[in-house]
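A.B. asks: with the sequence up front, the predicted model follows.
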Amino acid sequence: MADPILKVTDLFTGYDGIPVVFGISLEVMPGELVAIVGANGAGKTTIMRTICGLAHPLKGKILFEGTDISQHAAHQTLKLGISYVPEGRRIFAKLSVEKNLALGAYTENSKAEIHRRLEELLEIFPVLRARAKQTAETLSGGEQQMLAIARGLMSRPKLFMLDEMSLGLMPSMVEKMMETITAINHAGTTVLLVEQMVQEALEIAHRGYVIQTGKIVQFGTARELLDSEEVRKAYMGM
């Protein structure tokens with residue numbers, strides 16, 4: 001059996017030395033789509049920020065492809081193959097769609113390779129091809145989210161981490177977003193997804209972890225979690 005591409009063990013992390021995540025352990029296997037779900041403020045984003053090096057653990061270990069990255073900075077984890085798309089899109093509003101995408105490949109020196117990746121992603125996201133020369137601020141919310149995802153893919157990540165992609169989107173756009181994430185995973189990219197839309201996330205994931213006040217309260221296959229009475233009551237209003 002393959003080793004996990006990501007293994008987090010007994011992670012305590014937070015801000016200014018105060019933990020908001022308490023002793024979390026999780027793993028992601030190569031090729032999987034794993035969802036971390038739970039209510040707003042449960043600690044999901046803090047976990048993602050710590051994995052990618054924007055925050056550091058107070059305790060515990062993060063292994064990526066067997067290497068301890070617990071104290072790595074974000075630019076180091078990006079070079080190793082971890083791409084993180086934070087919540088709130090964070091695109092460069094005044095730059096064109098094309099320039100936003102090119103900035104996603106700043107670890108790549110070959111102009112030909114950057115152009116190749118750009119073309120590949122514009123095939124996957126035809127709406128971005130149509131808007132390539134427009135400034136990012138002229139895009140709709142859903143299009144901006146697509147741009148954020150496409151830019152995150154420009155670094156050719158081994159692990160693609162997506163944080164609250166559905167935030168502020170219409171239901172039809174959320175559905176499109178989930179389809180896009182599924183397609184990215186089917187094409188071979190390992191995905192770790194953080195989402196407060198629990199049902200939608202679990203419907204596309206292989207496995208999931210449910211986080212409540214900084215702790216994992218349930219984990220299993222996506223199907224097991226979707227069928228769980230506790231999860232249905234707490235997060236799906238059933």
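C.D. replies: Nice, thanks for sending it over.
A.B. asks: so who does the spatially most central residue of the chain touch?
C.D. replies: Against the mean C-alpha coordinate of the chain, by C-alpha atoms, centre = their mean, the closest residue is residue 162 at 1.6 Å. Residue 162 sits next to 85, 149, 152, 181, 191-194 when contact means C-beta atoms under 8 Å, 6 or more residues apart in numbering. From N, CA and C alone the C-beta is placed, and that goes for glycine too.
A.B. asks: if you look at the residues you listed, which of them are in strands?
C.D. replies: The strands in this structure, assigned by DSSP state E, contain 85, 191-194 from the contacts of residue 162.
A.B. asks: could those go into TSV alongside neighbour count and pLDDT?
C.D. replies: As requested, the ones in strands among the contacts of residue 162 are exported to TSV (neighbours: other C-beta atoms under 10 Å; pLDDT from 0 to 100):
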residue	neighbour count	pLDDT
85	24	92
191	22	98
192	26	98
193	28	96
194	25	95
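A.B. asks: from the residues you listed, which is closest to residue 72?
C.D. replies: Nearest to residue 72, judged by C-beta to C-beta, of the ones in strands among the contacts of residue 162 is residue 192 at 16.3 Å.
A.B. asks: how about that closest one, nearest residue that isn't a chain neighbour?
C.D. replies: Spatial nearest neighbour of residue 192, excluding adjacent residues (C-beta to C-beta, 6 or more residues apart in numbering): residue 161 at 4.7 Å.
A.B. asks: wait, a helix at the one you found?
C.D. replies: No - looking at residue 161 with DSSP: H, G, I helix; E, B strand; the rest coil, it is strand, so not inside a helix.
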